[in-house]
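Student: pasting the sequence and the predicted coordinates here, then a few questions.
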Amino acid sequence: MQIKVLGSGCANCKTLERRTLEAVQELNIQASVEKVEDYQKIASYGIMRTPGLVIDEKVAISGVVPTVEKIKELLLSHQSA
Amino acid sequence: MKEIFAKHPLGAAIALLPVWIFLYLILQHIADGLVALSGLMQGERFTEALRFFIFEVPKVLLLLTLIVFIVGIIRSYFSPERTRKMLGGKKLFAGNVLASLLGVVTPFCSCSAIPLFLGFVESGIPLGVTFSFLIAAPMINEVALVLLFGLFGWQTALLYMSTGLIIAMVSGYIIGILKLEKHVEPWVYEVKAGHLEMGEDKIQFAQRISAGVDAVREIVSKVWIYIVIGIAVGAGIHGYVPENFMAGIMGKGAWWSVPVAVLIGVPMYSNAAGIIPVVQALLEKGASLGTVLAFMMSVIGLSLPETIILRKVLKLRLIFIFVGIVATGIIIVGYIFNAVY
C-alpha cells in the first residue's frame, strides 16, 4: 500500500503524518508513507484543505486530522476493497 | 462522555443543553460566592480583579463551547469544494458579496490558504472574488465573535462582523477592478488541479453533531490557555490601571490613534482569544471603540504568517496592495466608529 500525507509542514500535517505512521505500525501492514509538500502536487489531487491523506492515489481525507483509530479503519477498508 | 457522544450524538447534545444553561445562569452567583468566601475586602482592587477573572473565564469558555459546537455543525454543510462550485461563474461584486459571506461559514485555516487559492484560481474564480474570501475567512471567525459577544455584548459582535464583511467585499472588489492577475506567480496558472468528488451529501445529521463535537475538542483545547491568559491580563488592567488612563493614547481626541493602532496590529499575530480580553479592558479605561475595533481587526484579519504563506503564490507588489487596501479599510472603519460613538 502506498500512502501519501499532503501538507506543507503545518502542525496539523505533522500530526497526521505521525498518526498515519502509528496506524501502519499498529496494523502491521506493508505500506510506504510519503510526505508531499509541493503545492503543485498537492493541488493535483484536487484537495483545497490540508492536511490530506492519499491511499494508493485515492484521496481518503482532506482538511481534518483523524484519530489513529479512524486512520486504521480507513486503511483496513481500503485493503479489503 | 466520549462514548455517549459517539453512540447517541443527538441525545447527548440535547441532554447537555439544560446543564449548559444552568451553569451559565449561576456563574455570577458562584463568582460572588467564591469572592465572599475568600474573605477579601469587597471593592478592593485585587478583589475586583479576582471577581472579574473567576466570572469571565468560565463564562467565555461556556460560550465558546456552545458556539464552536453550533458553528462546527453549520460548517459541516459547507466545504471549500462546494464553496468553489457556488462561486463559479459569479460576476464581480455579486461574487465578492457571496465570497465574503461564504468565507465566514466555510471551514478555513490559514495553513490551507495556498491549496484553496490554487483551487479557486484554477477553476476560473476571479482574483478579486478569491481575495474577498481570503479576507473574510480569517477575520470573521467564531472565536473572535464569541469573545466579542461575551465581553462587549452582541452589538459589538454584530458591528465587528458587519464591518468585517464590508471590508472583505469592498477590498476584493477593488483588487478585482485593478486587474492584478499579472502579479500572481506564473506557476499558479499552470497548475492542473484534480477534481475531487467526495460524497458529502450523504452525511447524516448524527455525523454533523459529531463534527460539532470534534470542532469543540479541537478549538477549545487549542485556545483555552490564551483565553485564560488574556482574561488574566484583562483582569489586571481592570483592577489596577486607573480610569481614563488610555484616553490620551487611544481615545477619540487622539486622531492618530487609529492608524497607529493598525500599524501596530498588522505585524502582531495573536489569536483572537488572547487579544480581545486585553482590548476589552483598555476600552474600559478610556480607549475609544473605533480605535479598539481597528486594532482588533488588524491583529486578527491581517497576519504576518499568512502574508508570508501567500508570498508563495503572489508577487510582493500584490501582497503590498492587498495589505494596503485592507489596512486602509480598517482605518476608515476605525474613524467612522470614533465619529459616531
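Tutor: Received the coordinates, thanks. Residues are numbered from 1 along each chain as shown, chains lettered A, B, ... in the order given.

Student: now do the helices in chain A.
Tutor: Listed in chain order, the helices of chain A (DSSP state H) span A:11-27, A:39-44, A:68-80.

Student: name the nearest residue to residue A:76, sequence neighbours excluded.
Tutor: Of all residues not flanking residue A:76 in the chain, residue A:27 sits nearest, at 7.0 Å (Cβ to Cβ, 6 or more residues apart in numbering or on different chains). (Each C-beta comes from the backbone N, C-alpha and C, glycine too.)

Student: any idea how far the one you found lies from chain B?
Tutor: Relative to chain B, residue A:27 is positioned 21 Å away (Cβ to the nearest Cβ, to the nearest Å).

Student: so what's that residue up against?
Tutor: Residue A:27 makes contact with A:72, A:75-76, according to Cβ atoms under 8 Å, 6 or more residues apart in numbering or on different chains.

Student: separation between the residue nearest to the spatial centre of chain A and residue A:47?
Tutor: Central residue of chain A (Cα atoms, centre = their mean): residue A:53, 2.7 Å from the mean position. Distance from residue A:53 to residue A:47, counting by Cβ to Cβ, to the nearest Å: 10 Å.

Student: anything in contact with each of those two?
Tutor: Residues touching both residue A:53 and residue A:47 (Cβ under 8 Å, 6+ apart) are A:6, A:59, A:62.

Student: returning to that earlier point: wait, which of the contacts of residue A:27 is closest to residue B:174?
Tutor: Using Cβ to Cβ, residue A:75 is the member of the contacts of residue A:27 that sits closest to residue B:174, with 47.9 Å.

Student: and whichever helix or strand residue B:161 is part of, what's its mean pLDDT?
Tutor: With secondary structure defined by DSSP states H and E, residue B:161 is part of helix B:154-177. For helix B:154-177, mean pLDDT is 94.

Student: need the pLDDT of the residue nearest to the residue nearest to the centre of chain A when sequence neighbours are not counted.
Tutor: The spatially closest residue to residue A:53, leaving aside those adjacent along the chain, is residue A:61, at 4.1 Å (Cβ to Cβ, 6+ apart). In this model, residue A:61 is scored at 85, pLDDT.

Student: quick revisit: filter the contacts of residue A:27 to the buried ones?
Tutor: Among the contacts of residue A:27, the ones that count as buried by 16 or more other Cβ atoms under 10 Å in any protein chain shown are A:72, A:75.

Student: want to throw the contacts of residue A:27 into TSV with pLDDT?
Tutor: Below are these laid out as TSV (pLDDT from 0 to 100):
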residue	pLDDT
A:72	91
A:75	90
A:76	89
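
Student: which stretches of the chain have low pLDDT?
Tutor: In the absence of a named chain, chain A is used. Chain A contains residues with pLDDT under 70 at A:81.

Student: switch to chain B, please.
Tutor: Checking chain B against pLDDT under 70 turns up B:1-6, B:193-203, B:269-271.

Student: what does it have sitting close to chain A?
Tutor: B:79-81, B:84, B:107, B:109, B:111-112, B:114-116, B:118-120, B:122, B:187, B:190-196, B:198, B:214, B:312-313 (Cβ under 8 Å from any Cβ of the partner chain).

Student: tell me which of these fall in strands.
Tutor: Within those, no residue falls in strands by DSSP state E.

Student: now, of those residues, which are buried?
Tutor: Those of the residues of chain B next to chain A that meet the buried threshold are B:79-81, B:84, B:107, B:109, B:111-112, B:114-116, B:118-120, B:122, B:191, B:193, B:214, B:313, by 16+ other Cβ under 10 Å.

Student: packing partners for the helix or strand hosting residue B:10?
Tutor: Residue B:10 belongs to helix B:9-37 when assigned by DSSP H and E. Packing partners of helix B:9-37 (3 or more Cβ pairs under 8 Å, 6 or more residues apart in numbering or on different chains; DSSP states H and E): helix B:2-7, helix B:45-75, helix B:205-240.

Student: export those to JSON lines and append columns for distance to residue B:101.
Tutor: Supplementary listing: the helices and strands packed on helix B:9-37 in JSON lines, determined by distance: least, Cβ to Cβ, whole Å:
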{"stretch": "helix B:2-7", "distance to residue B:101": "30"}
{"stretch": "helix B:45-75", "distance to residue B:101": "12"}
{"stretch": "helix B:205-240", "distance to residue B:101": "20"}
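
Student: residue contacts, the residue nearest the centre of chain B?
Tutor: Central residue of chain B (Cα atoms, centre = their mean): residue B:141, 3.1 Å from the mean position. Residues near residue B:141 by Cβ under 8 Å, 6+ apart: B:272, B:300.

Student: chain A versus that one, what's the distance?
Tutor: Taking Cβ to the nearest Cβ, one finds residue B:141 at 16 Å from chain A.

Student: does residue B:267 really touch residue B:304, like I thought?
Tutor: Yes. Assessed by Cβ atoms under 8 Å, residue B:267 is found in contact with residue B:304 at 5.3 Å.

Student: tell me the one of the contacts of residue A:27 nearest chain B?
Tutor: Taking Cβ to the nearest Cβ as the measure, residue A:72 is the one of the contacts of residue A:27 closest to chain B, at 15.7 Å.

Student: correct me, but the closest one touches residue A:28?
Tutor: No. The pair residue A:72 / residue A:28 is not scored as a contact, 10.9 Å apart, by Cβ under 8 Å.

Student: picking that back up, so which of the shared contacts of residue A:53 and residue A:47 wins on neighbours?
Tutor: Scoring these on neighbours with other Cβ atoms under 10 Å in any protein chain shown, the highest-scoring entry is residue A:6 at 28 neighbours.

Student: which members of the shared contacts of residue A:53 and residue A:47 occur in strands, if any?
Tutor: Of those, the ones assigned to strands by DSSP E are A:6, A:59, A:62.

Student: what about chain B: which of these touch it?
Tutor: A:59, A:62.

Student: how deep is residue B:142 tucked in, by neighbour count?
Tutor: Neighbourhood size, residue B:142 [other Cβ under 10 Å]: 21.
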